[in-house]
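Novice: fold the following and give me the result.
(2 chains)
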Amino acid sequence: MSDVQDESVLRLVGLRKSYGVGTPVETEVLHGIDLTLGRRDFAALVGPSGSGKSTLLNLIGLLDRPTSGELYLLGRPTRDLDDAARTALRASAIGFVFQFHHLIEGFTALENVLMPLMLARGRPDAATVAWARELLESVGLGGFADRRPGELSGGQQQRVAVARALVTRPALLLADEPTGNLDTRSAQGVFELFRRFNAELGCAVLLVTHDPRLAEACDRTISLVDGRIVSDSPNRRLVSPRSP
Amino acid sequence: MWTEWTIAIRLLREGRVQSLLIIVGIAVGVAVIVFITALISGLQANTIRRTLGTQAHVRVEPPDEVNRIAPAAPGVVQLVLEDRRAQRLRSIRDWQQVRDTLERLPGVVAVSPIVSGPAFARRGSARNSIALIGADPARYVRVVPIHENLIAGAFRVGAGDATIGRGLADELGVRVGDKIRIDAGEGATAVVNVAGIFELGVRELDERYVFVDLKQAQSLLDLPGGVTVIDVTVEEIFGAADIAARISRLTGLKAESWMQTNSQLLNALSAQSLSAAMIGFFVAVSVAFAIASVLSISVVQHTREIGILRAMGATQPTMLRVFLLQGAVFGLLGSTAGVLLGLALLLAFDTFGPRLFEVPVEPGLLFAAIALATLTGTVSAAVPARRAARLDPVAAIRYV
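Specialist: Purely as a prediction, here's the structure:
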């Protein structure tokens, strides 16, 4: 099969999602999405409220199952995977950044960053801890490793969340309105992190946003309206192109 | 398991007040169970010890004498009008053999043949009815520890010596060294020297028991060479009924255990045990419900965290284990505190209580309480843990 040589991180084929299946109020929110995301892609997913952005992101993140269609992650079909296999694939291939930073209270910043690896492999070894510290360092929070989420500002928490999303070296970083809850400066800082990790770690980034300026700063913009992709095009470079 | 354990503990620590409250609740419940159980078993042990302190575990007597009615010739209708026979005092046949047989019986600790019958004790014009007992002291003290209950003199019965109860001594106004006359009827009398005075704490016995030499009692009661009763002490007191039945089968004699003689007491004891068990059960059930409800609330409180953890790679079994561990931790901490509290209560009871009896503290009970509470905690966590595991990550993340 061509899947083996598939160079895409993500490939959606005729993906549909309905809610209330089998009930009189069955509603289809995604009407056959076809989309391919290559390695190192840096794309924005835009669209008005209710267009199905979050639903699509949940499907891509393997948090939810499509009603029909197929989703290939790293060339692997995911439709028939059970919960354990989906969880394992999600943990190894995908990093999440949510709108509300969503750190876990009761754990320090460093432990929050380590959490995905702790869930996958148990007690972290010294090398793992060093990697997590390095990530914290690179998001500018080297001195905040032992702070609890409550002791960090919103922007700092979101940067911890970015570090956490990257700790597993995922092939795909999904961000749902990652800057929606931040002031302009913090938002800019977080966006630059995505840019940097996209370049340095080579992970594809798919960023859901409402903010047209943020979308324009990405390499590619995918517009979703009423559950259909209405446009998908590279952006004209207004700012300096990303560094090699 | 390390990760689950870490998450479980951190979530518990985060809801510190809530965790502390439920642990205190469990502690109180476990303390009640420990205290009640120890109290009841102490009370029962004490009651049994007191009851058995003054009587044999098994009493072997000759079978009742019955009328032998000649069968009627075939074809003849027989009408029988029967009077039960009066049971005269008589000896166990071949009692030496019976004694030796009983001594070899497994589970039997001591065997003491005695001859016992009614008599009067007289001093001057005072006369009291007594139970005259001829016994071998070395054997008898292993059945009823008279020597431990002496208030004067010694438990000596040979050569015209007798040991009597305090009640009788007071009635007759005698002290150690005084003489009393024993009158067994039919002109059989003897003068004996009071060598010891005992007090068993049972009025009936202290007023009536008079111990003399086996031979002297045999001659006074006109049973030369005979014994009327063989008292038996057994190793396992609640096995007495079985041993009695066995003795009965083996020897054809009448063997009665303390359990038959004290069936009322046994009923009371088992009712006590039952009520203690009921209290324990219902306390345990309410503790289990408390743990389940606290964890249910905790699942709701941590819905978002559960969603994030799921998104970051926590499997359903992982989430299940996190909450089961929390239940186990509640059970373990709560019951450890409860056991300590229960111990303190027991110590207080033994020190400041009515001091009627000592309540024993058995390490086995304490460990059992901790183990059982930990298990209860884990089991009660099952329902909330399943809910946590089955939370839809998408909905959970959006939960505010």
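Novice: how about the helices in the stretch 101-250 of chain B?
Specialist: Taking DSSP state H, counting those that start in this stretch as the test, the helices found in the stretch 101-250 of chain B are B:137-140, B:166-172, B:203-208, B:214-220, B:240-251.
Novice: I meant chain A, not that one.
Specialist: A:53-60, A:83-93, A:109-121, A:126-138, A:154-166, A:184-200, A:212-216 (DSSP state H).
Novice: so how far is stretch B:357-375 off the chain centroid?
Specialist: Mean-position distance between stretch B:357-375 and its chain equals 17 Å (CA atoms, centre = their mean, to the nearest Å).
Novice: ok, back up a step: can you lay out the helices of chain A as JSON lines showing distance to residue B:309?
Specialist: Any C-beta I mention is one placed from the backbone N, CA and C, and that applies to glycine too. JSON lines is the format used below for those (distance: least, CB to CB, whole Å):
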{"stretch": "helix A:53-60", "distance to residue B:309": "16"}
{"stretch": "helix A:83-93", "distance to residue B:309": "10"}
{"stretch": "helix A:109-121", "distance to residue B:309": "7"}
{"stretch": "helix A:126-138", "distance to residue B:309": "17"}
{"stretch": "helix A:154-166", "distance to residue B:309": "11"}
{"stretch": "helix A:184-200", "distance to residue B:309": "22"}
{"stretch": "helix A:212-216", "distance to residue B:309": "28"}
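Novice: these: which one's closest to residue A:100?
Specialist: Within the helices of chain A, the stretch nearest residue A:100 is helix A:154-166; the backing value is 8.9 Å (CB to CB).
Novice: from chain B, which residue is nearest to chain A?
Specialist: Residue nearest to chain A within chain B: residue B:313 (2.7 Å; CB to the nearest CB).
Novice: setting aside sequence neighbours, what's the nearest residue to residue A:140?
Specialist: residue A:159 (6.6 Å; CB to CB, 6 or more residues apart in numbering or on different chains).
Novice: got the contact list for the one you found?
Specialist: Taking CB atoms under 8 Å, 6 or more residues apart in numbering or on different chains as the criterion, residue A:159 is in contact with A:139, A:140, A:141, A:189, A:190, A:193.
Novice: roughly how far does it sit from residue A:192?
Specialist: Residue A:159 sits 10 Å away from residue A:192, going by CB to CB, to the nearest Å.
Novice: pretty sure residue B:48 sits against residue B:237.
Specialist: Yes - counting by CB atoms under 8 Å, residue B:48 does reach residue B:237; the two are 6.6 Å apart.
Novice: any shared contact partners between these two?
Specialist: What both residue B:48 and residue B:237 touch, as defined by CB under 8 Å, 6+ apart, is an empty set.
Novice: pull the CA atoms of stretch B:47-58 into PDB?
Specialist: Extracted in PDB, the C-alpha atoms of stretch B:47-58 (Å, rounded to 0.1, in the frame of the first residue of the first chain):
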ATOM      1  CA  THR B  47     -17.600 -14.400  81.600                       C
ATOM      2  CA  ILE B  48     -16.500 -17.800  80.300                       C
ATOM      3  CA  ARG B  49     -13.400 -17.700  82.500                       C
ATOM      4  CA  ARG B  50     -15.500 -16.900  85.600                       C
ATOM      5  CA  THR B  51     -18.100 -19.600  84.700                       C
ATOM      6  CA  LEU B  52     -15.600 -22.300  84.000                       C
ATOM      7  CA  GLY B  53     -13.400 -21.200  86.900                       C
ATOM      8  CA  THR B  54     -15.800 -23.100  89.200                       C
ATOM      9  CA  GLN B  55     -16.900 -26.000  87.200                       C
ATOM     10  CA  ALA B  56     -15.600 -28.800  85.100                       C
ATOM     11  CA  HIS B  57     -15.700 -28.600  81.300                       C
ATOM     12  CA  VAL B  58     -17.200 -32.000  81.100                       C
END
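Novice: shaky segments in the chain?
Specialist: Answering for chain A, as no chain was given. Within chain A, the segments meeting pLDDT under 70 span A:1-6, A:101, A:236-244.
Novice: um, chain B though
Specialist: Chain B contains residues with pLDDT under 70 at B:356, B:399-400.
Novice: quick check: residues of it near chain A?
Specialist: Residues of chain B lying near chain A by CB under 8 Å from any CB of the partner chain: B:1-3, B:6, B:10-11, B:13-14, B:304-305, B:308-318, B:393-394, B:397.
Novice: still on that earlier bit, need the max-distance pair from the contacts of residue A:159.
Specialist: Most distant of these, by CB to CB, are A:141 and A:190, 11.9 Å apart.
Novice: once you drop chain neighbours, what's closest to residue A:193?
Specialist: Per CB to CB, 6+ apart, closest to residue A:193 is residue A:162, 5.1 Å.
Novice: now do residue A:35 against residue A:81, distance only.
Specialist: Distance from residue A:35 to residue A:81, by CB to CB: 19 Å.
Novice: which residues touch residue B:192?
Specialist: Counting by CB under 8 Å, 6+ apart, residue B:192 has contacts B:160, B:161, B:162, B:179, B:180, B:181, B:182, B:212, B:216.
Novice: need those residues in CSV with neighbour count, can you?
Specialist: Listed next are the contacts of residue B:192 as CSV, based on neighbours: other CB atoms under 10 Å in any protein chain shown:
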residue, neighbour count
B:160, 14
B:161, 19
B:162, 26
B:179, 12
B:180, 25
B:181, 14
B:182, 21
B:212, 26
B:216, 21
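Novice: how many neighbours does residue 111 have?
Specialist: As the question left the chain open, I've gone with chain A. 22 (other CB atoms under 10 Å in any protein chain shown).
Novice: that's the wrong chain, I meant chain B
Specialist: Burial of residue B:111 is recorded as 23 neighbouring residues (other CB under 10 Å).
Novice: now it: how far from residue B:229?
Specialist: For residue B:111, the distance to residue B:229 - CB to CB - is 11 Å.
Novice: check contacts around the closest residue to residue B:253 other than its chain neighbours.
Specialist: Excluding the flanking residues, the one nearest residue B:253 by CB to CB, 6+ apart is residue B:60, at 5.2 Å. Residue B:60 is in contact with B:92, B:98, B:102, B:229, B:230, B:231, B:232, B:247, B:251, B:253, B:254, B:255, counting by CB under 8 Å, 6+ apart.
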